[in-house]
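In: coords below, sequence missing:
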């Protein structure tokens with residue numbers, strides 16, 4: 001890190017899943033990484049004038065200049081060109097790059113800061129924020145933390161941990177070619193000895209190459225993956241479904257019993273990370289959320 005340049009304070013977060021990414025507050029602290037000391041990368045893409053011409057030619061209403069600057073920064077962040085903690089281009093550089101006023105650039109940066117995507121530190125510059133997944137309606141905590149927060153004991157039983165070829169559907173979800181290697185784990189999580197969740201997870205080896213070497217009787221895949229492969233986006237689906245014979249046997253319930261099933265897929269800045277099917281006995285688990293009108 002070059003003299004006089006430092007990273008803004010790290011965010012804190014509870015481990016959750018969602019379809020959006022912002023800066024939350026919570027109990028889990030994560031460190032911010034700093035990009036190597038070097039000149040910030042210039043943004044590529046058309047200037048506002050060129051973007052207006054292109055939009056007009058396509059019969060579309062062009063974005064306002066500040067929105068064009070904001071959109072280019074969003075695309076650069078989404079492409080992973082500025083990892084969390086990296087120094088972003090200065091206001092002066094953006095003014096020169098896009099041929100707009102400082103006020104225009106400042107508005108774009110303010111809105112990205114308000115959205116939790118940027119950190120602005122007076123005298124130091126603008127940094128890509130440390131991102132964590134949040135949801136105003138659904139929160140799924142790391143099970144180990146959730147169980148221990150109740151004063152209970154978490155235990156994990158690992159039934160399967162191996163590398164295997166991916167079928168066509170799974171390969172597509174993980175951004176791999178059919179037949180490519182994936183990591184597969186099957187784990188049952190217990191709360192004071194009672195099975196609470198059956199976790200059937202596939203992991204992209206490129207996102208977490210050491211995954212199969214982790215002792216998941218002492219930590220959870222969720223916690224480990226958030227540490228080594230920070231996610232950019234997550235999608236989830238929730239359904240009620242009867243337990244299969246295997247799920248029932250692992251969870252200690254009767255085949256066909258009602259279960260709450262969460263299927264979750266997480267994606268990093270540059271590649272998919274994991275697809276997990278989380279099965280919970282309906283009589284032992286509930287999801288809680290809140291919303292404001």
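Out: In hand now; what should we look at? In this text, all values refer to a predicted model and were calculated from it rather than measured experimentally. Residues are numbered from 1 along each chain as shown.
In: residue contacts, residue 191?
Out: Neighbour list for residue 191: 147, 150, 152-154, 284 [criterion: C-beta atoms under 8 Å, 6 or more residues apart in numbering]. Where C-beta positions appear, they are placed from N, C-alpha and C, glycine not excepted.
In: distance of residue 76 from residue 103?
Out: 21 Å (C-beta to C-beta, to the nearest Å).
In: ok, now residue 229?
Out: Taken as C-beta to C-beta, the span from residue 229 to residue 103 is 39 Å.
In: out of those two, which sits in the busier spot?
Out: residue 229 (23 against 11; other C-beta atoms under 10 Å).
In: Surely the more buried one is in contact with residue 267?
Out: No - Residue 229 is not in contact with residue 267 according to C-beta atoms under 8 Å; the separation is 9.8 Å.
In: pLDDT (mean, whole number) over stretch 216-231?
Out: Mean per-residue pLDDT for stretch 216-231: 89.
In: Run the chain-centre distance for the helix or strand residue 234 falls within.
Out: Element membership for residue 234, per DSSP states H and E: strand 233-242. Here strand 233-242 shows a centroid-to-chain-centroid distance of 16 Å under the convention C-alpha atoms, centre = their mean, to the nearest Å.
In: helices or strands up against that strand?
Out: Packing partners of strand 233-242 (3 or more C-beta pairs under 8 Å, 6 or more residues apart in numbering; DSSP states H and E): strand 258-267.
In: buried residues in the strand it packs on?
Out: 259-267 (16 or more other C-beta atoms under 10 Å).
In: Can I get these in a markdown table including distance to residue 220?
Out: Output for these, formatted as a markdown table (distance: C-beta to C-beta, whole Å):
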| residue | distance to residue 220 |
| --- | --- |
| 259 | 20 |
| 260 | 18 |
| 261 | 18 |
| 262 | 14 |
| 263 | 17 |
| 264 | 13 |
| 265 | 17 |
| 266 | 14 |
| 267 | 19 |
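In: Residue 120: which of those residues is nearest?
Out: Distance to residue 120, by C-beta to C-beta, is smallest for residue 267 among the buried residues of strand 258-267, at 26.9 Å.
In: which ones are touching that closest one?
Out: So residue 267 contacts 231-235, 273 (C-beta under 8 Å, 6+ apart).
In: buried subset of the residues you listed?
Out: Buried among those by 16+ other C-beta under 10 Å: 231-234, 273.
In: okay, those in JSON lines with distance to residue 109 next?
Out: Listed next are the buried ones among the contacts of residue 267 as JSON lines, based on distance: C-beta to C-beta, whole Å:
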{"residue": "231", "distance to residue 109": "24"}
{"residue": "232", "distance to residue 109": "20"}
{"residue": "233", "distance to residue 109": "22"}
{"residue": "234", "distance to residue 109": "26"}
{"residue": "273", "distance to residue 109": "29"}
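In: Good, wrapping up.
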